[in-house]
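Peer 1: Pasting the sequence and the predicted model now:
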Amino acid sequence: MNKYKIAVIVGSLRKESYNLKTAKALLALAPESLSLEMLSIAELPMFNEDLEATPPHEWVTFREQIRAADGLLFLTPEYNRSVPAVLKNAIDVGSRPYGQNSWDGKPAAVVSVSIGNISGFGANHHLRQSLVFVNVPTMAQPEAYIGGATALFDESGNLTNESTRGFLKTFITAFEKWVDTHAKK
């Protein structure tokens with residue numbers, strides 16, 4: 001199997017984010033063929049087409065990081081039945097300027113993590129809608145909705161729930177196959 005560079009994008013900026021903790025758990029569980037790299041979206045200026053004449057260096061760097069990736073792994077909380085603004089902004093920044101979509105054709109997967117029982121279902125599907133438009137083939141199965149996140153981690157942020165660990169291992173293994181099938185070779 002090939003070695004793939006995977007850009008991991010976490011839609012929560014909170015220092016103690018359950019999505020960030022889950023991303024770190026996935027890094028630890030990832031097969032050797034996947035090299036997962038966390039990309040920060042915290043400092044991306046809000047998208048404004050007027051800035052494209054001289055794009056902010058954060059935009060340029062982010063677009064280059066996306067282009068260099070073989071695949072994408074998104075983790076998102078749910079804010080008002082949708083994705084956080086910072087995540088939507090990252091999608092917009094990466095899809096521009098028109099005709100230079102950095103996301104184009106990159107295989108992806110989405111994980112939503114929430115403290116509630118609905119497990120970020122709305123955000124997960126809203127993100128998938130945006131990914132369809134920017135031509136990102138997104139893994140359909142297994143779906144990853146992680147609920148009750150407050151009970152899954154210890155004080156140090158380590159995943160302690162064995163059932164969730166087993167599910168995440170199954171998920172990241174399926175993602176490995178998805179990337180191997182869909183990544184541009």
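Peer 2: Yep, that arrived. Numbers count the residues shown, from 1 in each chain.

Peer 1: what packs against the strand or helix carrying residue 109?
Peer 2: For residue 109, the host element (DSSP states H and E) is strand 108-113. Contact partners of strand 108-113 among helices and strands, from 3 or more C-beta pairs under 8 Å, 6 or more residues apart in numbering; DSSP states H and E: helix 18-29, strand 71-76, helix 121-133, strand 144-146, helix 162-182. Using the backbone N, CA and C atoms, a C-beta is placed for each residue, glycine as well.

Peer 1: Out of these, which is the most enclosed?
Peer 2: When you average the neighbours per residue for each of those (mean count of other C-beta atoms under 10 Å), strand 71-76 leads with a mean of 26.

Peer 1: tell me the angle of that one relative to helix 18-29?
Peer 2: Counting by axes from the mean of the first three to the mean of the last three C-alpha atoms, to 10 degrees, strand 71-76 points 140 degrees away from the direction of helix 18-29.

Peer 1: Strand 71-76 pairs with which strands, and in what direction?
Peer 2: strand 4-10 (parallel), strand 108-113 (parallel) (DSSP bridges).

Peer 1: For the next helix or strand along the chain from that strand, buried residues please.
Peer 2: The helix or strand immediately downstream of strand 71-76 is helix 85-94, counting by DSSP H and E. Across helix 85-94, burial judged by 16 or more other C-beta atoms under 10 Å covers 86, 87, 88, 89, 90, 91, 92, 93, 94.

Peer 1: Thank you kindly, that will do.
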